[in-house]
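Asker: model this:
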Amino acid sequence: MIDVVRDWFSTLDFALVVVELTTLAGVIWAFDVLFLRSARVAKAARGEQVKEPIVVDYAKSFFPILLIVLVIRSFLFEPFRIPSGSMMPTLLTGDFIFVNKFSYGLRLPVINTKIVGIGEPERGDVVVFRLPRDPRVNYVKRVVGLPGDVVEYNRIGKRITINGEPIPIEMAGPYVEQPDTLLGWEELGEHRHRVLLIQDRISEGGKYVVPEGHYFMMGDNRDDSEDGRYPDVGFVPEANLVGKATGIWMNWRRPSEGGPQWNRIGNGIE
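Answerer: Numbering: from 1, shown residues only. Model prediction:
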């Protein structure tokens, strides 16, 4: 299954565009203040009719707005849309989620350099990260392995072991929407969340030693998720973390997909 999580402007580097537009508007405004405005003020004082250049007017109008968007999106929250079912039943196709950008430290936009360390991912967090082999692509998964952990996944028994300790899972029976799939409750750190296990499918498994400064991610839809078990994803460097998924603010699906699920609006992400 394709596990890409898309932001509102996935067809372009929105962060770069906002930075460039904000810089441009700020430079135009500052240039006017430093070199042009005094001449207009002098003319106005002599009774001459003076108009502010339209470019300067636009720069003054849009600079504060662009700056606010840049600050919110870069340092506070960023919206993403879930296009696949790799994190079912926690996240469904069509969910729009908010990602907390400051949970794991503040980073400069575009270059993604951390400037303030605030916190670190905890086992069980749902995280959006940039795919190591292609940082232009964002994935959303659950943190299973922390730096230094030894994670084992039994592909037959469909169970996780971390540092020799089996992770508790309580089976709740068939998943209503997929009769061939079992629903379970799993405990990872402080998180108790649901997982899906497809009975007649065997996914990747093995033993994974998490390097320092990296994290091991898995999808909650265990047998239908391209995650850290696969070479195309692998271990995720700390520098690739985008933020912690905190809540669902909208669910929107086409009528052919069943339409929106209004009862998901406002739900937290456990």
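Asker: name the residues of stretch 135-146 that are buried.
Answerer: Judged by neighbour count using 16 or more other CB atoms under 10 Å, the buried positions of stretch 135-146 are 137-146. Where you see a C-beta, it was placed from the backbone N, CA and C, and this is true even at glycine.
Asker: so which of the residues you listed sit within strands?
Answerer: Secondary structure assignment by DSSP state E places 137-145 of the buried residues of stretch 135-146 in strands.
Asker: please parse the chain into its domains.
Answerer: When the chain is parsed with automatic domain parsing, its domains come out as 7-74, 79-264.
Asker: now the shortest one: how far from the chain's centre is it?
Answerer: Think domain 7-74. How far domain 7-74 lies from its chain's middle: 30 Å, per CA atoms, centre = their mean, to the nearest Å.
Asker: okay, residue 196 and residue 16: tell me how far apart.
Answerer: When CB to CB, to the nearest Å is the yardstick, residue 196 and residue 16 sit 37 Å from each other.
Asker: between the two, which one's more packed in?
Answerer: When residue 196 is set against residue 16 and neighbours are counted by other CB atoms under 10 Å, the residue ahead is residue 196, at 24 against 12.
Asker: which strand or helix spans that one?
Answerer: Under the criterion DSSP states H and E, the helix or strand holding residue 196 is strand 191-198.
Asker: among the domains of the chain, which is nearest residue 270?
Answerer: Evaluated over these, closeness to residue 270 peaks at domain 79-264, with 5.1 Å, by CB to CB.
Asker: distance of the residue nearest to residue 147 when sequence neighbours are not counted relative to residue 171?
Answerer: Of all residues not flanking residue 147 in the chain, residue 212 sits nearest, at 4.8 Å (CB to CB, 6 or more residues apart in numbering). When CB to CB is applied, the distance between residue 212 and residue 171 equals 35 Å.
Asker: who has more neighbours, these two?
Answerer: A count of neighbours by other CB under 10 Å puts residue 171 above the other of residue 212 and residue 171, at 11 against 7.
Asker: if we can go back for a sec, quickly run through the sheet partners of whichever helix or strand comes after the strand holding residue 196, with directions.
Answerer: On the C-terminal side of strand 191-198, the nearest following helix or strand under DSSP H and E is strand 206-209. If you go by DSSP bridges, strand 206-209 pairs up with strand 150-154 (antiparallel).
Asker: distance from the partner strand to the middle of the chain?
Answerer: Strand 150-154 has its average C-alpha position 25 Å from the chain's average C-alpha position, going by CA atoms, centre = their mean.
Asker: show me which positions of that strand end up buried.
Answerer: Within strand 150-154, the residues scored as buried using 16+ other CB under 10 Å are 151-153.
Asker: distance to residue 104 and pLDDT for those residues - can I get that in CSV?
Answerer: As requested, these are exported to CSV (distance: CB to CB, whole Å; pLDDT from 0 to 100):
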residue, distance to residue 104, pLDDT
151, 20, 98
152, 26, 98
153, 24, 97
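Asker: from these, which is closest to residue 67?
Answerer: Nearest to residue 67 among the buried residues of strand 150-154, counting by CB to CB, is residue 151 at 42.3 Å.
Asker: ok, what's across the strand from the closest one?
Answerer: As assigned using DSSP bridges, the partners bridged with residue 151 are residue 162, residue 208.
Asker: tell me who's in contact with it.
Answerer: 144-145, 160-162, 207-210, 216 (CB atoms under 8 Å, 6 or more residues apart in numbering).
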